[in-house]
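*Asks:* A structural model of the following input is requested.
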Amino acid sequence: MRRSPDAREAPYSYRSDPNVPPFPDDQPIIVFDGECKFCSGWVRFALRHDRSGRYRFLPAQSPLGAALYQHYGLDPTDYETNILIRDGRALFKAEGSLQMIAGLGFPWSLINLARVFPRPLLDRAYDLIASNRFRWFGRRESCFVPDAGVRARFLA
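*Replies:* As a prediction, the model looks like this:
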């Protein structure tokens, strides 16, 4: 049975899931669709504005990315949501995106003002963008490849 991406946590930690290879999770990790131009653009934006080097990145198309998608009951071939992994927990859809942006610090933390809107409404807006992202922004021919200066911040 497929779990909803709204779930806060899997029934057990990815750390004890034998199908998820061990990986460094001492910093927040953004799992993203590396073939989506919109998602890759978000990663470039985050790299440019993450002055403290807080985030690490992981393309969903990598073996580790696929294992995490499967662990959380998501389709490992249809990347309907980015995943923010922080402190051993995964956040999805609007909640994950809001926290990713807020984590960049001021002025980006002002995104927290969007929390006045009900979460189901924010998730519907997220779903609208996610389901149209290829039509509106396009698809990359190959997975996003970081340049040498930031490659160490990518797990795959």
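*Asks:* mind listing the strands for this protein?
*Replies:* 29-32, 56-59, 83-86, 89-92 (DSSP state E).
*Asks:* mind putting these in TSV, distance to I101 included?
*Replies:* Glycine gets a C-beta too; all of them are placed from N, C-alpha and C. Formatted as TSV, the strands of the chain follow (distance: least, CB to CB, whole Å):
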stretch	distance to I101
strand 29-32	11
strand 56-59	15
strand 83-86	10
strand 89-92	12
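*Asks:* Show me where this protein has its helices.
*Replies:* 37-49, 63-71, 93-102, 119-137 (DSSP state H).
*Asks:* Pull the residues that contact the third one.
*Replies:* Read it as helix 93-102. Residues from elsewhere that reach helix 93-102 (CB atoms under 8 Å, 6 or more residues apart in numbering): 5-6, 28, 30, 46, 55, 81-84, 86, 90-91, 108-109, 111-112, 114-115, 119, 122-123, 125-127, 130.
*Asks:* Which positions within it qualify as buried?
*Replies:* Neighbour counts using 16 or more other CB atoms under 10 Å place K93, A94, E95, G96, S97, L98, M100, I101, A102 of helix 93-102 among the buried residues.
*Asks:* Ok, the longest one next?
*Replies:* Neighbour-count burial for helix 119-137 flags L122, D123, Y126, A130, R133 (criterion: 16+ other CB under 10 Å).
*Asks:* Distance check, the second one against G149.
*Replies:* The one in question is D123. Using CB to CB, to the nearest Å, D123 is found at 35 Å from G149.
*Asks:* picking up where we left off before, how about the helices of the chain, which one is nearest A156?
*Replies:* helix 63-71 (5.6 Å; CB to CB).
*Asks:* helices or strands up against the closest one?
*Replies:* Here helix 63-71 touches strand 29-32, strand 56-59, strand 83-86, going by 3 or more CB pairs under 8 Å, 6 or more residues apart in numbering; DSSP states H and E.
*Asks:* Determine which stretch of these is the most buried.
*Replies:* Across the helices and strands packed on helix 63-71, averaging neighbours per residue (mean count of other CB atoms under 10 Å) puts strand 29-32 on top, at a mean of 26.
*Asks:* Now do that strand: distance to the chain's middle.
*Replies:* Put simply, strand 29-32 sits 4 Å off its chain's centre (CA atoms, centre = their mean, to the nearest Å).
*Asks:* Nice, that's everything, thank you.
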